[in-house]
Each structure stands twice: as C-alpha cells, then as structure tokens.
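> pasting a predicted model and its sequence here:
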Amino acid sequence: MSATHKSLDVVRSYYEEAVKVLQVNEGVASLIWSTDREIRVQIPIVRDNGVLEVYKGYRVQHNNARGPYKGGFRYHPTVDAAEVTALAVLMTLKTALVDVPFGGAKGGIAIDPKKFSQRELEQITRRFTNGIMPVIGIYEDIPAPDVNTNPQIMAWFMDEYSRKHGYSPAIVTGKPIEVGGSQGRNEATGLGVAIVTEQLCKTLKQDLKGKTVIIQGYGNVGSNAARCLAERGAIIVGISDVGGGKYSPKGIDLEKALQVQKEDGSLQKLDSAESLTNEQLLEKPCDILVPAALDGVLTGENAPRIQAKMIIEGANAPTTDDADQIFEQRGILVVPDILANAGGVTASYFEWVQNLQQLSWPLDEVRHRLQIKMTSAFEATWKMAQKYHTTLRKAAYLLAVKRVADATVLRGYH
Ligand code: GLU
C-alpha cells in the first residue's frame, strides 16, 4: 500500500510485531498487510445556491479472507486515502478479534457535513453510493456508519443501491429500524465500551460502581457509553464535544447534557459543570478515560499527565505509539480500539444476519448476544496477554492476526 498516515505506521508496527511472534510466513504476512482494493470516486454536487462543487470519496477494501469486507464510512474534512487505509486495516483486525465472519474495509468523503443542508447530504450520499456501487454487494462489501454519518445516511445508501439491485437491506448496516435496521445497533458501540469496562473491572476484582469516568466525545459512541457506564454505577465526571469539555467531580447530569446538546447543537451551555478545553479534560482526575472522538489525541506529550488508571478506546486509533509505551511503563491499562469499540460492528453483524433471513430480533436478544460476543473477546484477549506477558493491545493483535493468517492459508492464494 502506498498511503502513509501516522495511524497506519502505528498499526503497522503492532502488526509486524504480531507476525514475528506468531511466525507467520513472510509472504503471507505481506499479502495480508497489503490492501485488496482502493478506490477514489468523484462526487459532484449542485449546492442549494446553484453552484457546482466536486468532492472526493474513498473506499478501501483491505482484506476479505474471513468474509465480506465490512466497515463504516465517515464524513470529515481530514478524510484521505491514507487515513481510510489505516482504518480499513483496523476493521480487518476488529472483525477477526470478535470473530464475526467479515473482513475489513473503510470509506469516507472529505467534507464537513455541518456545512451542508439535508438535501445536499442526500445528494452527496447517493453519488457516493453510485461511485462505489461496482465493488460492493451483500456478500461483497457492507458499509456502515462511522464519524459524522448516521442512520438517515445509511437509509439513503440502502435506497440508492436498492434502486439498481432490488430491495437490499443487507447492503448496509446501521439503518433506521423502519427500513430494516436492528434493535440495539445505534447504542451498540457505547454498550460494548461499557461491557468491556465492566469485564476489566471484574477481572481486576474491582467494582465499576463508584468509579469516575471521563469521556471525550459525546456523539453516538460517547453518549451511549456514558449512559451504559452510568447504568452500571460509574460516575461520569467529564464529557466533551468539538466545542470543548465539561467537568464536574460530583458527576454530570447526562439527561441534561443530552437535552442541551439537542436544543443547542453543543454541550457548551451546560452550566452545571466547569468548562475547559478537550485537551485539559483528558488530564483531569478520573479512574477511567474513554477517548471516543478522533484519532491521535493521547500522545507522548500528554501521556505523562494522564491521571486515569484505565483507558478504554471508544475511538479508532486515539493513542499514538509513544503514548502507548508511556502508559505501559506507568501501569495504565489500555483496552485497545479493536476490542473496546467492536460492539458496533458486532451489532452490524446481527443486523446483516437478520436482513439476510428477513427476521427482526427483539432488543433483549441483541443485547444478550452482544454481551456474549464482547465478553468472550475480552476474556480471550486477557488470557493471551497473560500467556505472552504483554499488553492488551499486543494480545488483541496476536489473536486477530492469527485468525486472518489461518484463514488466508486455508483458502490458498493461487
Ligand atoms: N464504524 C464502526 C467501526 O469503526 C462500525 C463498522 C461496522 O459496523 O461495519 O467499527
């Protein structure tokens, strides 16, 4: 792969370490590392003011040894081929780690969706769907939501694909319930974060009840993680959005936060808590830190000042490799992204299965199955970390890379 991105370098170094420990054949290792297919599509859009603009969209299909390509697409100004590639590799590892029958892919468009009307976003989404149409399919590549994309966008995606192929809800996951979405998919990434946090506390013979938590990012992942952790007795002392952070040692009123965010589009008017920047919030006292926004926020620079004892990576690639080393030296436990935020793709798998069978499971069933999948992935990772005397991230890579390598060798490559 030609793309370079700091997250890709970090993922590569963990990948190479895992390959060495597992003694994966060199050719197989480089076959798995390289992306299967990368496409860039042009997205023309006539703005509401009549002006024609052109944007770029990407879909990177990294690996499908264990099943169809799977992964979300994001709308964010930083999206480029390299970022999408790093995130696609993480998806291959994530689906392997939670053992759902998928490979890994990722996509995105380099736009700030806040600057577009709903009509414009619909047009952009439909053009993107058409652009990548030749390489997707219900057994080929199944997209999903990611940063700044949501169930409505998935509904437009499904509709555009269905116009050409007939009704095809299984082409995309994270849809609204009304058009074939699954109960519990929307909350699943946040719920998964809470499940692994609870498992980590249990394994350490500690009580999650009463532990203080800071969550960076109050979008789909952060807000659901906050609610699910609070339901398990944790005290959420800090939250944030792009406008800045809010901190209150007594605990944030989460209902109020959601209400303020809904009315105002931002948390900044939440007046019952101290205002501070996103960077300052990360360094405030807490037991558990959940970075649930963008990548690269925990760095070699701020890692020495982080006060949390556990870090649960709700976002993809929030920790740089030098920060990771500092956390290891300081005895701070990090539950890596490919485990901590895998609840989303796991529930996506449940949605896909329901779509293929034209079934719809009740919420309790989705939650129950998610609990089983996330708990067993956590336990397997913990066991691996004990066996190799290593971090949870390195253990997760060992498990995931082994599964992808085994499938690759069994399927053959001639
Ligand atoms: N975007 C989510 C992730 O990074 C979900 C992907 C999916 O459900 O396919 O895991």
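Arrived safely, thanks for sending. Treat the numbers as computed from the prediction; the structure is a model and nothing was measured.

> quick one: the strands in the stretch 101-250 of the chain, in order.
104-109, 141-142, 212-216, 235-241, 244-247 (DSSP state E, counting those that start in this stretch).

> make JSON lines out of these and add distance to residue 96, mean pLDDT and mean neighbour count.
For glycine as for every other residue, the C-beta is placed from the backbone atoms N, C-alpha and C. JSON lines is the format used below for the strands of the stretch 101-250 of the chain (distance: least, C-beta to C-beta, whole Å; pLDDT from 0 to 100; neighbours: other C-beta atoms under 10 Å):
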{"stretch": "strand 104-109", "distance to residue 96": "8", "mean pLDDT": "98", "mean neighbour count": "30"}
{"stretch": "strand 141-142", "distance to residue 96": "16", "mean pLDDT": "98", "mean neighbour count": "24"}
{"stretch": "strand 212-216", "distance to residue 96": "27", "mean pLDDT": "98", "mean neighbour count": "25"}
{"stretch": "strand 235-241", "distance to residue 96": "31", "mean pLDDT": "97", "mean neighbour count": "24"}
{"stretch": "strand 244-247", "distance to residue 96": "34", "mean pLDDT": "96", "mean neighbour count": "21"}
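
> of these, give the one that comes closest to residue 29.
Closest approach to residue 29 among the strands of the stretch 101-250 of the chain is made by strand 104-109 (16.0 Å; C-beta to C-beta).

> show me which residues of this structure are close to the ligand?
Residues of the chain lying near the ligand by C-beta under 6 Å from any ligand atom: 70-72, 94, 144, 146, 173, 316, 341, 344-345, 348.

> buried among the residues you listed? Need that as a selection in ChimeraX.
If you want just the buried ones from the residues of the chain next to the ligand in ChimeraX, going by 16 or more other C-beta atoms under 10 Å, the selection is:
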select :70,71,72,94,144,146,173,316,341,344,345,348
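
> of all the residues of the chain next to the ligand, which two lie farthest apart?
173 and 316 (16.8 Å).

> which strand in the protein runs the most residues?
Ranked by number of residues, the top strand in the chain under DSSP state E is strand 52-63.

> neighbouring strands of it in the sheet, and parallel or not?
Using DSSP bridges, strand 52-63 pairs in its sheet with strand 37-46 (antiparallel), strand 104-109 (antiparallel).

> just the CA trace of that strand, in CSV.
Extracted in CSV, the C-alpha atoms of strand 52-63 (Å, rounded to 0.1, in the frame of the first residue of the first chain):
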residue,chain,number,x,y,z
LEU,A,52,-21.4,23.1,-8.7
GLU,A,53,-18.7,21.7,-6.4
VAL,A,54,-16.7,18.5,-6.6
TYR,A,55,-15.6,16.3,-3.6
LYS,A,56,-13.6,13.1,-3.2
GLY,A,57,-14.9,9.9,-1.8
TYR,A,58,-12.9,6.8,-0.9
ARG,A,59,-13.5,3.1,-0.2
VAL,A,60,-10.6,0.9,0.8
GLN,A,61,-11.2,-2.9,0.9
HIS,A,62,-8.3,-4.2,3.0
ASN,A,63,-8.9,-8.0,3.4
